[in-house]
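**Q** Below are the sequence and a predicted model; questions follow.
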Amino acid sequence: MDKKLLIALALSLGTVWVFHHYASKKLESVEQSGSVVVGQQQQTVVPGQPIKVPTTQELYKPLDTEVNFAQTKLTHPEDIIEVQTDQCLATFSTYGAVLTSLAFKKHIGKNGTPLKTVSNKSNFDLELIKKGCFLLAINDQTPVVYSLVSRQDKADATELVFKAQTHQWDIYKTYVLKKQGYHINVIIGLEPKHQSVAPIKPRLFFAAPFVGEVTDDAATIFTWNEAKENLETYDVSAVNGMAWFWTTPQALFGAEDRYFVHSLISDKSRFTQRAYVKTFDPKHVSPILEGPEISEKKEWSMSFYMGPKQFHYLNAADSRLEDLMSFGWLSWFCKLLLKLLSFLYGLVGNFGVAIILMTIVLKLPFTPLSIYARKQMEVYQHYQPAINKIRIKYRGDMKMQHEELMRFYKDHKISPSTHFVGCLPLLIQMPILFSLYRVLNNYLDLYQAPFFGWIHDLSSKDPYYIIPVLMGLSMLWQQRMTPVTDDKQRIIMMFMSIIMTVVFINFPAGLVLYWFMNNLLTIGEDYIRKYVFK
């Protein structure tokens, strides 16, 4: 191999290694498993401590996804209770004592209002109450009307206590909303009115996140596999009839969409015996936590994370949730780009400028290789007519053609692989391009993030297609600076620029901005090489 090529590769790879070693910590990718397991949890056996062994009847009991309300008509007036934290505005209803709205004050949508992951405008319809978040259902007739027993606004949290009654039971539901972070604690209390009551089995429905204004926003179910110690995700369409059985307090079960997470993260009182999913419609999906059958007084406390998919919040809530930020087989590199982008944004306060700076940072390590590759490509283009003449002259004798070509390469000190060297910079940029595409599509802070002028959202396409057109023109400019003697090759390269422009035209504006800046930097490299270091 050419010594100059080896030196250029060594310089580029050395710079990348130094940057990776000192600028970031090692990030581990998450192994994804597609296996379907019903009873996947394992109990820790403690000497002298009994454990419950699930029976076959418990394991395969039909899933109960229906709710039968005690009332058929709602005549009691509905009370609405609002709770504000530093990050959220939550609204609760006395109908079902459910969470009817959850808005995120720091994340603004297209209409200038906070994004919502739960949004039921009215609960006068019993069917809407079923879709509310944190509906407590029992196998008997589920009460609808609750009363707000107490509200305590403390320095670090707000506590709401609701109460409902059936003929045999008093039902208490307590919410504790932390002022900081995105935690909601739910405490369920069931107390029999008589000594002898019919046993009941409570179930807790909590809604999957759904943001209506986000294009193609769809829910994904996830759970923690204790045996494999990893997070497993499932399409909603694939979990119909599936159940997860728990016998330990390490339950983690929930749903995510493009930007948000609703998940059970702590169940130390071991309410959850099984978990499964009910799909009302594409916009309303409810994970269900099924509790044990009881006939005496009982209370359970659970903690939920109801917030954005952001590293620091996910990790603070439960380190297992951080795996939801996996971006596929290039996950480690996507996370590295995300950290770099967040760091640069912290310096300049504009994600568009941060993307430009990131382009420069990612381009610099490969500059020696890029300059070398383009120089070698120009050398090959210079000799291309002579090479083509040899191929035509000896097209009937492949052995002689090969010998003459080898002699020509040797006499002019070029390598047979020289024309492939020009592709190296593009091959190196491809993983960066793919990774950045995943980051721009799944990073909440980039949603509705403006650049300047007409670019109001770097996560969506340029509304006037100005940046894609500029990107296409920059590719044509690049080609004009590369001498091509073959007319067919020149036409192919021109069509490639047009095709790339058409492909990128509906890509996120941030991604097109990156590729446009990368083209400009390559053009700058050519000018420096040709006119500064002649």
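**A** Okay, I see it.

**Q** hey, let's count contacts and neighbours off CA atoms from now on
**A** Noted.

**Q** ok, now which ones touch residue 152?
**A** The contact partners of residue 152, taken as C-alpha atoms under 8 Å, 6 or more residues apart in numbering, are 158, 159, 160.

**Q** of the residues you listed, buried ones?
**A** Buried by 16 or more other C-alpha atoms under 10 Å: 158, 159, 160, out of the contacts of residue 152.

**Q** Dump these into CSV; add secondary structure as well.
**A** Shown next, in CSV, are the buried ones among the contacts of residue 152 (DSSP: H, G, I helix; E, B strand; the rest coil):
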residue, secondary structure
158, strand
159, strand
160, strand
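
**Q** wait, which of those is closest to residue 279?
**A** Distance from residue 279 was checked for each of these by C-alpha to C-alpha. The minimum falls on residue 160, at 28.4 Å.

**Q** For that closest one, give me its contacts.
**A** Contacts of residue 160 by C-alpha under 8 Å, 6+ apart are 148, 149, 150, 151, 152, 174, 175, 176.

**Q** how does it look with 10 Å?
**A** 81, 83, 92, 97, 148-153, 173-177, 186 (C-alpha atoms under 10 Å, 6 or more residues apart in numbering).

**Q** Just flag the most distant two among those residues.
**A** Across those, no pair lies farther apart than 97 and 153, at 18.1 Å, counting by C-alpha to C-alpha.

**Q** more crowded one of the two?
**A** Taking other C-alpha atoms under 10 Å, residue 97 and residue 153 do not tie; residue 97 has more neighbours (32 against 13).

**Q** Mind pulling the model confidence for that one?
**A** In the prediction, the pLDDT value recorded for residue 97 is 95.

**Q** on that earlier part again, may I see the PyMOL selection of the buried members of the contacts of residue 160?
**A** Of the contacts of residue 160, the buried ones can be selected in PyMOL as follows, counting by 16+ other C-alpha under 10 Å:
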select buried, resi 81+83+92+97+148+173+174+175+176+177+186
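
**Q** Residue 244 is in contact with residue 253, isn't it?
**A** Yes - the pair residue 244 / residue 253 is scored as a contact, 9.0 Å apart, by C-alpha atoms under 10 Å.

**Q** Quickly list what's touching both of these two.
**A** Listed as contacting both residue 244 and residue 253 by C-alpha under 10 Å, 6+ apart are 223, 224, 225, 272, 275, 276, 289.

**Q** residues contacting the most centrally placed residue in the chain?
**A** Central residue of the chain (C-alpha atoms, centre = their mean): residue 442, 4.4 Å from the mean position. Taking C-alpha under 10 Å, 6+ apart, we find residue 442 in contact with 257, 258, 259, 260, 309, 310, 325, 326, 327, 436, 459.

**Q** Buried ones in stretch 488-501, by neighbour count?
**A** By 16+ other C-alpha under 10 Å, the buried positions in stretch 488-501 come out as 490, 493, 494, 497, 498, 501.

**Q** right, and out of these, which lies closest to residue 106?
**A** Closest approach to residue 106 among those (C-alpha to C-alpha): residue 501, at 34.6 Å.

**Q** I'd like to know how far that closest one sits from residue 466.
**A** Distance, residue 501 to residue 466, using C-alpha to C-alpha, to the nearest Å: 11 Å.

**Q** try residue 126
**A** 49 Å.

**Q** These two: who's more crowded?
**A** residue 126 (18 against 13).

**Q** Let me see the contact set for that one.
**A** The neighbours of residue 126, taking C-alpha under 10 Å, 6+ apart as the test, are 68, 69, 71, 72, 73, 74, 95, 96, 132, 144.

**Q** got a winner among these for most neighbours?
**A** Among those, the one with the most neighbours (other C-alpha under 10 Å) is residue 96, at 30 neighbours.

**Q** quick one, what contacts that one?
**A** Each residue near residue 96 by C-alpha under 10 Å, 6+ apart is listed here: 69, 78, 123, 126, 129-130, 132-137, 142-147, 162-164, 173.

**Q** can you give me phi and psi for it?
**A** Here is the backbone geometry of residue 96 (degrees, to the nearest 10): phi 80, psi 0.

**Q** A strand includes residue 188, no?
**A** Yes - when three-state DSSP is applied, residue 188 is found to be in a strand.

**Q** My read is that it contacts residue 164, right?
**A** No - counting by C-alpha under 10 Å, residue 164 is not a contact partner of residue 188; they are 11.5 Å apart.

**Q** list the residues that contact both of those two?
**A** 171, 172, 173.

**Q** buried set for the longest helix belonging to the chain?
**A** The residue-count maximum for a helix in the chain (DSSP state H) belongs to helix 367-393. Residues 367-381, 384, 387, 390-391 are the ones in helix 367-393 that count as buried (16+ other C-alpha under 10 Å).

**Q** pLDDT weak spots in the chain?
**A** Along the chain, the model assigns pLDDT under 70 to residues 1-54, 58-59, 122-124, 247, 416-422, 482-487, 489, 532-534.

**Q** what's the domain layout of it?
**A** Following automatic domain parsing, one finds the domains of the chain at 3-26+332-532, 56-323.

**Q** Name the stretch among these that sits most buried.
**A** Comparing the domains of the chain by mean neighbour count (mean count of other C-alpha atoms under 10 Å), domain 56-323 ranks first with a mean of 19.

**Q** Endpoints of that domain, how far apart?
**A** This stretch, domain 56-323, spans 32 Å end to end (C-alpha to C-alpha).

**Q** how far out from the middle of the chain is it?
**A** Between the centre of domain 56-323 and the centre of its chain there are 22 Å (C-alpha atoms, centre = their mean, to the nearest Å).

**Q** shift numbering so it begins at 28
**A** In the new count, where the first residue is 28, that last one comes out as domain 83-350.

**Q** Could you pull up the residues touching the nearest residue to residue 487 once chain neighbours are set aside?
**A** Nearest non-adjacent residue to residue 487, counting by C-alpha to C-alpha, 6 or more residues apart in numbering: residue 535, 4.3 Å away. Residue 535 makes contact with 464, 467, 468, 484, 485, 486, 487, 488, 489, according to C-alpha under 10 Å, 6+ apart.

**Q** between the helix or strand hosting the first one and helix 394-420, how many degrees?
**A** Secondary structure assigned from DSSP states H and E places residue 464 in helix 451-469. Here helix 451-469 runs at an angle of 120 degrees relative to helix 394-420 (axes from the mean of the first three to the mean of the last three C-alpha atoms, to 10 degrees).

**Q** downstream neighbour of helix 451-469 in the secondary structure list?
**A** Where DSSP H and E defines the elements, the next helix or strand beyond helix 451-469 is helix 493-507.
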